[in-house]
Each structure stands twice: as C-alpha cells, then as structure tokens.
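K.L.:
the sequence isn't on hand, but the structure is:
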C-alpha cells in the first residue's frame, strides 16, 4: 500500500527517525560486504531476490509511531485502553498494524510472532521490557530495536539490577513502586502503556503521541510534556559487573 | 553452566556455539573498513544508520524463515559470542554484519573463497566509472 | 560438534497463513493445568541442547498472572516437533525470590516471563 507507506515515511522524516540526508560519496568495505553476503546467499538458493526485496520493504516500513498512537488513543478512550490491555493484537489494528496478515508472510514473522501484550503502568507499577535470551522486540508496532537494547550489557543487567540500569537512563522511581521487568522469552512481545503525565489536559491524540517516545514504550523513560525525542545514550561501563560473586 | 557465570540470564546454548577463530576475509574488512560513524561525520550525513542496515535486517529475517538456513535465536547467540572478543571493538551494525557473515561461513552456507571472490566482484562493479 | 536444530517453516506456512502464530495452535493443548493466581515453581529440567527457560528462573516460586496461548514448547519447536502443543503461562516472581541479595529497600520489584506447562509444578 504505497500511500500508507509514503505517509509513514514522511511522518518518519518529520519525527526525525530517518532524516533525509545527503549520501556519502564513497563505498565502504562494509557496504560491499553486505551486498556480497546477500548476492552469494541468493546464488546459493538460500532465499530469492524477490523475497529479500519484500522483507526489505517490510522492515523499511516499520517504526515507533503506531505504538505511540496506540498509547495516545488509550489515554483518551478508556474502552480502547481496556481492549489494548486485553488484546494487543486486536488493538493494533486501530493504529494500522496487522500482526497476522501483514506481508511478507501473512502469518507473522519468525522473530516477532503474533502475540502483542500491552503492559499498563499505574502510579504504583512501572513496567520495563527486555529479552534476556536474544533481544526480541515488538517490531511490527515499534520498529527496529535500538543498539543498547540488543547488548548483553542491557539484557543481563536489567533483569538483575533494574533500578541501577533505569538510573543510568535517568529514571529514578520511589522504592515502594513495583518495577516489573517483562522478559519476552517466548512468543509474546511487549510494549509499555505508560501513565499519562500531568500537564497534558485537553491535548489532541497527535500531541499526546509526540511525547510517547520509543524509550517510553520500552519502559526506560516516562513521557513528559515537551520531550519528544529519545535521550542520547552514552556508553556506560557496567556499575555492577556481569560476573557476580555469590 | 552455573548461574554465577552470566547472572543466569542466558539460555542453555553452551559456549561452544560458534567457532570464533578469525576468518581472513572478514578480518580484512574489520581492519580496513570504514564504519558509518566515521563516514557520516566526514560527509556531514545526519542519518544515524548506514543505508545497508535495513537490507542487512532483511537478510537476517529471510534467513530465519522458509527453509530456515539460519534461525534467529542461534544467529543472535553466535553474534553475542563473537561480540565478546573477536568483534568487540566493532560498532553496531558493522558488528552484526561481520557476525552474520562469520556464522554463515561456519555453518557451511558459503566458504571464505567464495565470499572473497564476490567481494572483489561487487567492489569492481561499484567502483568502476 | 553438536547437531544444530533444523527447521522447515514451509509446512508451518500452510497451517498458519491468515491465522497467525501462536493462534494456529489454538485448541490443541487440551485443558490448562494452571490458572491465574496459582502459585507455581519452575522445574529444573535437564537441558538437551536448546531451551527458552532462563537459568535464573530455575527453582523459583512465582504466581501465574496470565494464561497466554497454546503452542509447541520451544524445546520441541526447535527440532520441528510441532505435533504437540502446551499451554503457556505468564508467571510473576518477586525479585527477592530470584536473587537472594536483591536489596530489601525495593520489596515490591518483580520479574514477569513466560513458561510452557512442562516447566511448571504446583508450589
């Protein structure tokens, strides 16, 4: 559906996700390696050029805007919020994401499956998402995962030291709040439905969606009026090393 | 595999998941290749990702479906293993690309010579005027 | 060198197209052994090669918070043994149960993750 993709693409440009930028003048060895691997794989019959093209289109179409809109809709409509929590796959349809019937497979992808669960935060409950085994992520509604999400550093430490990891992201929560780490180790994929912040009274769905960043949807940030982009991530050495003495 | 080894938060894949002996053709790319961070800075390009990142993701996806030449979970575990030492200093997504090529060679999907020949071929095509 | 799992998803495609995965396994698992609110313990089953049951959960006690879907267990699915399905459950653990030295200052923190039925026993 080219129109919808174009709209999503231009939305992405506006949102700063894939800025239109001049191309680099030289071809890097990595660019060559990527092509070589792909061409060789096609020659060996591992996949067809057509299949690869369809997947590339699909991956290219993905981004975090539908998830942000799902949250904004849920904030504005209590019935939709109930649906989102009860049936994430059905609720996704309202923001243009079909976990089941989308190309290229028509039955979900081997990495993402078809079981989105929307995790509702409350003032006493904060969710944060990880996949300790390999970095599974709700790509159909949230796009590609950020690099930090994929690192063993995040995957191993979040489940063990969530408060320290969240503090590194600039998020500190009162000790009596339940921080619930959701580890997507099987077929379910998670996104967070954060608490609607104060100072957003009377806002439209579009305006609300703007403050629901990717980091809010993973759970490492909370939405704030005026904050419409993810914070920069400096690389921190682990506060608690991975190898822990018992 | 004790809980103390890695906070017990890894699957039971075993640490001999992939042979991480360096592969000559990939070592050449690793050492000589210019990473996107450098290229983007040099040419003043603001896109945080190289243009081939999306096609790389698609390659990973398409290898995990159909006849499933390289399942996703194993590819990721091997990538983790290779990122511990061999490709530890390489930024993402260059690291993901090297790990993918490495996994595919070790799995016998193609061999080093074939890859080296194809790299030469692509290079010639892209740089001929 | 251990044999790696081999898949062929073309058979799966026929079963799941238009229906989805795990939706395509609906009705195959029979009655669910556990329900929401049940106290469960994670069994420490021997690993044959491939598992999605994290080491850090073995032996831990938690509560079933959702009965999520039916599907072949990951340990079977990796080898294309998809004839049998199990119920999958979302289980919530107090952090203190998983890590004995988790700080007492944060008594309410939890982890939630999924298990196929074979991994659970009544606690």
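P.N.:
Okay, I see it. Please read these numbers as outputs of a predicted model, since none were measured by experiment.

K.L.:
show me the contacts for the most centrally placed residue in chain A.
P.N.:
Central residue of chain A (Cα atoms, centre = their mean): residue A:142, 3.6 Å from the mean position. Residues in contact with residue A:142, defined by Cβ atoms under 8 Å, 6 or more residues apart in numbering or on different chains, are A:62-64, A:66-67, A:191, A:214, A:217-218. Where you see a C-beta, it was placed from the backbone N, CA and C, and this is true even at glycine.

K.L.:
and with 7 Å instead?
P.N.:
By Cβ atoms under 7 Å, 6 or more residues apart in numbering or on different chains, the contact list for residue A:142 reads A:64, A:67, A:191, A:214, A:217.

K.L.:
could those be laid out in TSV, adding pLDDT?
P.N.:
Conversion of the contacts of residue A:142 to TSV gives the following (pLDDT from 0 to 100):
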residue	pLDDT
A:64	96
A:67	98
A:191	98
A:214	98
A:217	98
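
K.L.:
show me how far the helix or strand residue B:74 falls within is from its chain's centre.
P.N.:
Residue B:74 is part of helix B:72-84 when elements are defined by DSSP states H and E. Centre-to-centre, helix B:72-84 and its host chain are 9 Å apart (Cα atoms, centre = their mean, to the nearest Å).

K.L.:
show residues contacting that helix.
P.N.:
Here helix B:72-84 makes contact (Cβ under 7 Å, 6+ apart) with A:110-111, A:133-135, A:152, B:13, B:17-18, B:20, B:60, B:64, B:95-96, B:99-100, B:102-103, C:4.

K.L.:
now do 8 Å
P.N.:
A:110-111, A:133-135, A:152, B:11, B:13, B:15, B:17-18, B:20, B:60, B:63-64, B:95-96, B:98-100, B:102-103, B:106, C:4-5, C:50, C:52, C:78.

K.L.:
quick one: pLDDT of the residue nearest to the centre of chain A?
P.N.:
You'll see residue A:142 listed with a pLDDT of 97.

K.L.:
mind listing residues that contact the longest helix seen in chain B?
P.N.:
Determined from DSSP state H, the single longest helix within chain B is helix B:112-127. With contact meaning Cβ under 8 Å, 6+ apart, helix B:112-127 is reached by A:27, A:32-33, A:35-37, A:39-40, B:23-25, B:29, B:101, B:105.

K.L.:
hang on, the earlier thing: can you tell me which of the contacts of helix B:72-84 are in strands?
P.N.:
The members of these all map outside strands under DSSP state E.

K.L.:
now the buried members of those residues.
P.N.:
A:110-111, A:133-135, A:152, B:11, B:13, B:17-18, B:20, B:60, B:63-64, B:95-96, B:98-100, B:102-103, B:106, C:5, C:50, C:52, C:78 (16 or more other Cβ atoms under 10 Å in any protein chain shown).

K.L.:
tell me where chain A has strands.
P.N.:
Counting by DSSP E, one finds strands in chain A at the ranges A:115-120, A:125-130, A:178-183, A:188-193.

K.L.:
ranking those strands by burial, who's on top?
P.N.:
Most buried of the strands of chain A by mean neighbour count (mean count of other Cβ atoms under 10 Å in any protein chain shown) is strand A:188-193; its value is a mean of 26.

K.L.:
near chain C at all, that one?
P.N.:
Yes - counting by Cβ under 8 Å from any Cβ of the partner chain, chain C has neighbours in strand A:188-193: residue A:188.

K.L.:
give me the buried positions along stretch C:94-111.
P.N.:
Residues C:94-95, C:97-99, C:102, C:106, C:109-111 are the ones in stretch C:94-111 that count as buried (16+ other Cβ under 10 Å).

K.L.:
returning to that earlier point: format the strands of chain A as TSV; extra columns: distance to chain B.
P.N.:
Output for these, formatted as TSV (distance: least, Cβ to the nearest Cβ, whole Å):
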stretch	distance to chain B
strand A:115-120	16
strand A:125-130	9
strand A:178-183	8
strand A:188-193	13
